[in-house]
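[1] Predicted model, plus sequence, below.
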Amino acid sequence: MLDRAKTLLTPSARSDVPPFMVMDVIAAATRLEAQGHHVIHMEVGQPAAAAPTTAIAAARRALDGPLRYTEALGIGSLRARIARHYKEVYGIEVSPAQVIVTTGSSAGFILAFLALFQPGDRVGIANPGYPPYRHILTALGCEPVLIETSEETRWAIMPETLLTAHRRTPLAGVIVASPANPTGTMMTPQALAALIRASESAGIRFISDEIYHGLDYAFPATTSLSVSDSTLVINSFSKYFCMTGWRIGWMVAPEPLVRPIERLQGNLAISVPTLSQFAAEAAFEGRDEMDAVKHGYEENRRILVEGFPEIGLDKFLPVDGAFYLYADVSHFCDDSFDFARRMLEQAHVAATPGVDFDPLNGRHFIRFCYAGSQADMREAVTRIGRWLHP
């Protein structure tokens, strides 16, 4: 009887996905802080700044009234405000009917994958890339297909690379992020348009991860919606608007997908947290405040781009956008996990090993997030320098 009971508690095969390693780094850093150490956090993509004051004020006002379920697609006024955002920033028309409010971009990925793909479908992903793409697809019974990128392609998927993978075994879809995580690189408007056209001509569904839009330094980010109305866009209030813990994002979906996604959302979540929706709508009125935060990231970027080469970290990918610097540490070690562990334990600087983002070549890379304070960025350069050159 006991043995039979144990079998009832056996986890499903689909739950056997790797951990998101950055969460393990956070846990290790927290243990050091509990021992009294000052840890500089450069491991997680989390802004140090707070949400816009307009968002916080709206949330406080909302607390005076009832916080009930909303429509599964989100509060109508928020969906309309998100649609207006595309006119203001990109100069394109988006119907509020296409906008779906989600519990962060994470829920957006789950909804998108469920709506677009069948179990067994193969979905292309840039390598290196955001780990939960792979892990969520795997848990849903799909097959993530890593598509190699390189310096020659500015670390982006090129049309011919995508089509080569598709000819080998057909792809049902491809996920592209620009600015990208972990690299911080961006696709030019021309490169993005060429990739979307190649994808659509081959019958490959295109998902555009645009959660780092607004955090662009090399040139303005381009939404895929300016190229095609058949792409599916996922975005979030977490990064530019500094609202990670509010867990709110959005999708812009082609009209035929809206009702299927609405049905999924209604069953999986009922609706997105109401308080966060009120705050998110007001966040758009805090763009001046958020642009000032962005300028702080630009200064942090300068500190690392100028300071890292002086301490021997002189090989890193183009720092175009987001708030990440992806550094090559192969001349110091051949194991980025061990490098990150020792840097945390000995220099008290937390960063994420590249193996989290790239199971093939990530042992040579470390991702540094520069969303913290300028003082912390300067101190990080000093600490890492002393640790590498005692």
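    That came in fine, so what should we check first? Since the model is a prediction, treat every value here as computed from it, not as a measurement.

[2] Please parse this structure into its domains.
    2-50+288-388, 67-285 (automatic domain parsing).

[3] Walking through this structure, point out its strands one by one.
    If DSSP state E is used as the criterion, the strands of the chain fall at 40-41, 99-102, 122-127, 143-148, 173-177, 205-209, 232-236, 249-252, 324-328, 349-350, 352-353, 365-369.

[4] Who are the packing partners of the fifth one?
    With contacts taken as 3 or more CB pairs under 8 Å, 6 or more residues apart in numbering; DSSP states H and E, strand 173-177 sits against strand 122-127, helix 189-201, strand 205-209. Bear in mind the C-beta positions are built from the backbone N, C-alpha and C, glycine included.

[5] please redo it, this time with the cut-off set to 10 Å
    Under the contact definition 3 or more CB pairs under 10 Å, 6 or more residues apart in numbering; DSSP states H and E, strand 173-177 sits against helix 104-116, strand 122-127, helix 131-139, strand 143-148, helix 159-168, helix 189-201, strand 205-209, strand 232-236.

[6] which regions of the protein lie under the pLDDT threshold?
    Along the chain, segments meeting pLDDT under 70 span 1-8.

[7] circling back: return the most buried member of the domains of the chain.
    Looking across the domains of the chain with neighbours counted as mean count of other CB atoms under 10 Å, the highest average goes to domain 67-285: a mean of 20.

[8] Now the terminal residues of that domain, how far apart.
    22 Å (CA to CA, to the nearest Å).

[9] got the contact list for residue 301?
    Contacts for residue 301 (CB atoms under 10 Å, 6 or more residues apart in numbering) come out as 184, 217, 319, 320, 321, 322, 323, 324, 325, 370, 377.

[10] of those residues, closest to residue 260?
    residue 322 (30.4 Å; CB to CB).

[11] I'd assumed residue 45 was in contact with that closest one.
    Yes: at 7.5 Å, residue 322 and residue 45 qualify as touching, with contact defined as CB atoms under 10 Å.

[12] what touches both of these two?
    In contact with both residue 322 and residue 45: 181, 182, 211, 212, 239, 369, 371, using CB under 10 Å, 6+ apart.

[13] Name the single longest helix found in the protein.
    Ranked by number of residues, the top helix in the chain under DSSP state H is helix 287-307.

[14] who's in contact with the closest residue to residue 246 other than its chain neighbours?
    Once flanking residues are discounted, residue 246 sits nearest to residue 276: 4.4 Å by CB to CB, 6 or more residues apart in numbering. Taking CB under 10 Å, 6+ apart as the criterion, residue 276 is in contact with 51, 55, 59, 62, 67, 78, 101, 103-104, 237, 243, 245-249, 283.

[15] Ok, residue 185 next?
    126, 149, 153-156, 177-179, 218, 317-322, 324, 326.

[16] likewise residue 293?
    Neighbour list for residue 293: 47, 48, 49, 50, 52, 214, 215, 240, 241, 242, 286, 371 [criterion: CB under 10 Å, 6+ apart].

[17] how close does it get to residue 324?
    Distance of residue 293 to residue 324, given as CB to CB, to the nearest Å: 16 Å.
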